[in-house]
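[1] Sequence plus predicted model, see below.
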Amino acid sequence: MTVAYVINILFTTYTIFLFVRVISSWFPAWQGHHLMRFVAFYTDPYLNLFRRILPPLGGVLDISPILAFFTLRLMEMMLLGLLT
């Protein structure tokens with residue numbers, strides 16, 4: 001198992017966590033579930049960085065996850081580029 005493979009798996013897993021967090025925000029009843037609290041615990045600090053830069057529009061539409069996904073992918077590509 002190469003370092004690049006492990007990095008790819010870690011970034012993919014975190015991307016899935018972010019996706020689950022975004023989808024779960026559409027269903028308030030899910031917020032109390034222990035799995036959603038686990039996901040929120042690990043993703044909210046990262047998302048909050050982007051929410052400070054790009055606050056929700058009209059207090060409702062949060063587009064900061066788009067920037068978060070883009071930045072995460074960019075970091076992965078840069079890290080993998082350094083290894084190759």
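    Yep, that arrived.
[2] Look through the chain and tell me its longest helix.
    Secondary structure of the chain per DSSP state H: the longest helix is helix 3-24.
[3] list the helices and strands that one packs on?
    helix 34-53, helix 64-83 (3 or more CB pairs under 8 Å, 6 or more residues apart in numbering; DSSP states H and E). C-beta coordinates here come from the backbone N, C-alpha and C atoms, glycine included.
[4] Would you reformat the ones you listed as CSV and include mean pLDDT, distance to Thr12 and mean neighbour count?
    As requested, these are exported to CSV (pLDDT from 0 to 100; distance: least, CB to CB, whole Å; neighbours: other CB atoms under 10 Å):
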stretch, mean pLDDT, distance to Thr12, mean neighbour count
helix 34-53, 95, 14, 14
helix 64-83, 94, 9, 13
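[5] Return stretch 46-55 as CSV; C-alpha atoms alone will do.
    Provided in CSV are the C-alpha atoms of stretch 46-55 (Å, rounded to 0.1, in the frame of the first residue of the first chain):
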residue,chain,number,x,y,z
TYR,A,46,-13.6,22.6,8.5
LEU,A,47,-16.9,23.9,7.1
ASN,A,48,-16.9,26.8,9.6
LEU,A,49,-13.6,28.1,8.1
PHE,A,50,-15.5,28.6,4.8
ARG,A,51,-18.6,29.9,6.5
ARG,A,52,-16.6,32.8,7.9
ILE,A,53,-15.4,33.6,4.4
LEU,A,54,-18.7,33.0,2.7
PRO,A,55,-21.7,33.3,5.1
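[6] so how many other residues sit close to Thr13?
    10 (other CB atoms under 10 Å).
[7] And it, how far from Ala29?
    25 Å (CB to CB, to the nearest Å).
[8] still on that earlier bit, return the set of buried residues in the longest helix of the chain.
    Residues of helix 3-24 classed as buried by neighbour count (16 or more other CB atoms under 10 Å): 11, 17-18, 20-22, 24.
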